[in-house]
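Enquirer: After the sequence you'll find the predicted model.
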Amino acid sequence: MEGAPSGGRSAAAPARMTTVSRHYFGGSTSESDHDLRVDIIENIEEDYGMFVWPCSVILAEYVWQQRSRFSGSRVVELGAGTSLPGLVAAKVGADVTLTDIAHNTEVLNNIRKICALNDANCTVLGLTWGDWDEPIFDLRPDIILGADVLYDSANFDNLFATVSFLLENSPGSVFITTYHNRSGHHLIEFLMVKWGLKCLKLLDGFSFLPSCKAASLQGNIQLVEIGLDKDNHK
Ligand SMILES: C[S@@+](CC[C@H](N)C(=O)[O-])C[C@H]1O[C@@H](n2cnc3c(N)ncnc32)[C@H](O)[C@@H]1O
């Protein structure tokens, strides 16, 4: 998939190795002056869910900047992978459930290790988009997060089926996603109309990113807040 993982590694490491990347928030977001640090265990040779994609860095920064909104809220992250946005939400006081493909034990175990490493008390749950396993019916998030979850067109409808279900199951909730537009097509607008959803907010992902983070990232990345369109929801 085009669009390199985010970088941010603490030290150069040989390929094919598990590394720990450090992510800073607040202050000057530098190693020496920051308010929050989250450490992520990555393995660039493995599954898509085993490293930090640029969308995740951008969404995590957004969560940090909106931390008063997240504090005390219930958050579900879909396709969490290395879970940087969800971990920031947990660190600012949200009740967080981190999810990824139900059968992908490697990614789910890595999420558990990352939570332990950061002393973050999150629930980790296998949740495959478009599957209706029992735990999904108990989820009533205020905020659903998804970083770089729109990358395989074969899965778009499954993802939006899950998002629409959660939005309906939890009135007033919102889906906040960072979307790397690799094709140049307006996919997200099309999907929102198709699923009876509406755009509540649209931002250029780089518009709120500190320059020290923006310098190491590239791509056409948008942040979109999505809610149910009550007039058009089937
Ligand atoms: C491009 S990665 C993004 C990972 C992470 N959110 C980030 O931005 O660093 C896509 C993530 O979606 C997950 N995923 C893909 N298909 C899925 C599905 N059908 N159900 C649930 N998760 C899925 C992958 O396992 C992976 O963690």
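Expert: Arrived safely, thanks for sending.

Enquirer: residues from the protein in reach of the ligand?
Expert: 48-49, 52-53, 55-56, 79-82, 100-101, 104, 107, 128-129, 147-149, 151, 155, 158 (CB under 6 Å from any ligand atom). Every C-beta, even on glycine, is put in place using the N, C-alpha and C of the backbone.

Enquirer: got the end-to-end distance for stretch 57-74?
Expert: 20 Å (CA to CA, to the nearest Å).

Enquirer: what about the strands in this protein?
Expert: 18-25, 36-43, 74-78, 95-100, 123-126, 143-147, 174-180, 197-204, 221-228 (DSSP state E).

Enquirer: show me the contacts for residue 122.
Expert: 83, 86-87, 90, 96-98, 111, 115 (CB atoms under 8 Å, 6 or more residues apart in numbering).

Enquirer: again, 7 Å this time
Expert: 86, 90, 96-98, 115 (CB atoms under 7 Å, 6 or more residues apart in numbering).

Enquirer: next one: residue 141
Expert: Each residue near residue 141 by CB under 7 Å, 6+ apart is listed here: 74-76, 166, 170, 173.

Enquirer: switch the cut-off to 10 Å
Expert: Residue 141 makes contact with 73-78, 94-97, 166-167, 169-170, 173-175 under the criterion CB atoms under 10 Å, 6 or more residues apart in numbering.

Enquirer: Buried only: go through those for me.
Expert: Taking 16 or more other CB atoms under 10 Å as the criterion, what is buried in the contacts of residue 141 is 73-78, 94-97, 166-167, 170, 173-175.
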